[in-house]
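>>> Structure for the following, please:
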Amino acid sequence: MDQPCENIDSGLTSHAAFSPNVRAFLLVKNGIAFCSSATGAMNTPLSQLIPAIDISKPVAMAILPGTPMMPKSAALALWVGKPGDQNSGIFVSINANLTPYILYSARQNDFSGIGAGHRSHCYLHLQ
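Sure, this is the predicted structure:
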């Protein structure tokens, strides 16, 4: 994260291309997304791109209804902060096809429902 995007974007793009279901990796420094595996160099606050993720935490996850590049396709959002460097780390968006999991879970005896809460964060209610 101490290098400019131009020095690392090809490696970032390669990692995303060969990681199944990864939409994009974003490198974030001081809350600003400065490098994307999908679009290259950028200078945008991550909170503007993905308001559902709390980057003050060391690890955060969310289920998103879409991402800026694919607004109509659900995604899992994962934030991993850089230790000792608050608001800096790696954000990854992952394709989310939840249908198989919902169908599988519906056959389980202890499954009682699924619901969507505030900001499309999903939760399972198990008995």
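>>> okay, CA-based contacts and neighbour counts for the rest of this
Will do.
>>> Would you mind giving me the confidence score for the residue nearest the centre of the chain?
What sits nearest the mean C-alpha location of the chain, by C-alpha atoms, centre = their mean, is A77, with 2.1 Å. A77 is assigned 89 on the pLDDT scale.
>>> list the contacts for it?
Taking C-alpha atoms under 8 Å, 6 or more residues apart in numbering as the criterion, A77 is in contact with I53, M61, A62, I63, L64, F91, V92, S93, I94.
>>> Report the secondary structure element holding the fourth one.
By that I understand I63. Taking DSSP states H and E as the criterion, I63 maps to strand 59-64.
>>> Then E6?
Using DSSP H and E, E6 sits within helix 5-17.
>>> Could you identify the helix or strand that succeeds that helix?
For helix 5-17, the succeeding helix or strand toward the C-terminus, using DSSP H and E, is strand 22-29.
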